[in-house]
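In: quick check, what structure comes out for this input:
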Amino acid sequence: MSRSFIIEKENNGARIDRFLADATPELSRSRIQKLIKDAHITVNEKPVKSNYRLLTDDVISLSIPELKEPDILPEALPLDILYEDRDVIVVNKPKGMVVHPAPGHYTGTLVNALLYHCKDQLSGINGDLRPGIVHRIDMDTTGSLIVCKNDLAHQNLSEQLKEHSIHRIYIAIVHGNIKEDEGTVNAPIGRHPIDRKKMSTHAKQSRHAVTHYKVLERFGNYTYIQCKLETGRTHQIRVHMSSIGHPLLGDQVYGPKKCPFPGLTGQTLHAKTLGFIHPRSGEYIEVDAPIPEYFNNLLDILRKKA
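Out: Down below sits the predicted model:
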C-alpha cells in the first residue's frame, strides 16, 4: 500500500510520527515509527527520523510492505455452544480468549476453535483471519457472540448490525454508586488522540454511539448494571461508563490501574443476551449466556460487604 501527504501550513512543526498517527488511524504509532526506521516512510524522497519536524509543503511518501500472515489452523478447543444451525452458531466466549487471529495471537483464538468445529462451513466475507466473524467482543469480555456459516447469513446479519436491530444486553459491575435508576450515554466514540490503543469520547474523528444503562443492584462503592447497546463501537460500554465517572471493575485501561480484587483480570463485562432475526427463516432468535463463575463470585463478595 502506498500513500502520500503534502503538508499544509497548519501542520508546520508537527512531529512526523504524531502527524501520521492522526492521518492513518489504522496504523499504531509504534508501527509508524518502525516504518520510518526501515525507510518505508520518507520526506521529500529522503529518510528521516521519527522526531522529524514537518515543514509546509513537505511531501511524505508512505509505502507499507505487505505482511505475510501465517496459516490459521483448526484447533480442538472447547466451545460453549448456545445455538447452532446450518447458517449461524452462537457461542459463549470465555474470558481471556481472543476472537480472531492477529499479530501476537495466531493460536488459541475463537476462530481456531470454530475452524475445527465447523470445518469449511464458515463465511469468507472477512477473509482468512476472520472467517464467519460478523462482530467482536473484547478478549476479557465474556458472553454471546454470533458467527456466520455462509455468506448469505453474514450479509444479512451485517445489515442487522448496521441498522442496530440486533438486541444486545450486557451486564457489568462498575465503580461508584450510580444514583439514578437508569440513564443513557449519548457520546460519539473515536480513536484516542494520544493513546492509539484506546478509544475516547473526545476524539477528533468519532462515530455516533449510544448506551442505555439500568441499575440492577447497588453495593455502596460499586454498582451492578445492565447495558443495552444501541450502537456497537469498539470498547463502547467501557468508554461510555468511564466517561460518566463509573469505569468497569477490573478495567485497567479506562479505570483505576490497580484492581481492588486480586486475581481479577480485565473488565467485569458479560454479553448476556443476544437476539436477532434469523437470516433464512425470518424468525426471532434470542439466546442467554449464563453468567460466568467469576462474575457471580464477585457479586457474592459485594453482597456480603454491602
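
In: contacts, neighbours, all on C-alpha from now
Out: Will do.

In: excluding chain neighbours, what is closest to residue 237?
Out: Excluding its sequence neighbours, the residue lying closest to residue 237 (Cα to Cα, 6 or more residues apart in numbering) is residue 211, at 6.8 Å.

In: can you map out the strands along the stretch 201-306 of the chain?
Out: Assigned by DSSP state E, counting those that start in this stretch, the strands in the stretch 201-306 of the chain fall at 206-207, 210-218, 222-229, 269-277, 284-288.

In: select, out of the ones you listed, the one closest to residue 28.
Out: Closest to residue 28 of the strands of the stretch 201-306 of the chain is strand 206-207 (Cα to Cα; 17.1 Å).

In: strand partners (parallel or antiparallel) of that closest one?
Out: strand 189-191 (antiparallel) (DSSP bridges).

In: what does the next helix-or-strand element following the partner strand rub up against?
Out: Sequence-wise, the next helix or strand downstream of strand 189-191 (DSSP states H and E) is strand 199-200. Applying Cα atoms under 8 Å, 6 or more residues apart in numbering, the external contacts of strand 199-200 come out as 189-193, 234-235, 239.

In: closest to residue 153 out of those residues?
Out: residue 234 (22.6 Å).

In: turn the contacts of strand 199-200 into TSV, including neighbour count and distance to residue 282.
Out: Below are the contacts of strand 199-200 laid out as TSV (neighbours: other Cα atoms under 10 Å; distance: Cα to Cα, whole Å):
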residue	neighbour count	distance to residue 282
189	24	32
190	23	34
191	22	36
192	19	39
193	18	42
234	18	28
235	16	30
239	23	34
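
In: and the residues you listed as CSV, adding distance to residue 126 and pLDDT?
Out: Formatted as CSV, the contacts of strand 199-200 follow (distance: Cα to Cα, whole Å; pLDDT from 0 to 100):
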residue, distance to residue 126, pLDDT
189, 23, 96
190, 22, 93
191, 22, 89
192, 26, 90
193, 28, 85
234, 17, 93
235, 20, 97
239, 26, 98
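
In: picking up where we left off before, the residue nearest to residue 237 contacts residue 182, correct?
Out: No: using Cα atoms under 8 Å as the test, residue 211 is too far from residue 182 to be in contact (10.9 Å).

In: which of the two has more residues huddled nearby?
Out: residue 211 (19 against 14; other Cα atoms under 10 Å).

In: next one, pLDDT for that one please.
Out: On pLDDT, residue 211 comes in at 98.

In: export the strands of the stretch 201-306 of the chain to TSV and tack on distance to residue 83?
Out: Formatted as TSV, these follow (distance: least, Cα to Cα, whole Å):
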stretch	distance to residue 83
strand 206-207	32
strand 210-218	26
strand 222-229	21
strand 269-277	11
strand 284-288	7
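
In: so which of those strands is nearest residue 105?
Out: strand 269-277 (21.6 Å).

In: give the other helices and strands that the closest one contacts.
Out: The contact analysis (3 or more Cα pairs under 8 Å, 6 or more residues apart in numbering; DSSP states H and E) places strand 269-277 against strand 142-148, strand 167-175, strand 284-288.

In: let's see 10 Å
Out: strand 88-93, strand 142-148, helix 151-162, strand 167-175, strand 222-229, strand 284-288 (3 or more Cα pairs under 10 Å, 6 or more residues apart in numbering; DSSP states H and E).

In: got the angle between the fourth one and strand 284-288?
Out: Orientation of strand 167-175 against strand 284-288 (axes from the mean of the first three to the mean of the last three Cα atoms, to 10 degrees) gives an angle of 30 degrees.

In: which residues of the stretch 151-300 of the chain score low on pLDDT?
Out: Of all residues in the stretch 151-300 of the chain, none has pLDDT under 70.
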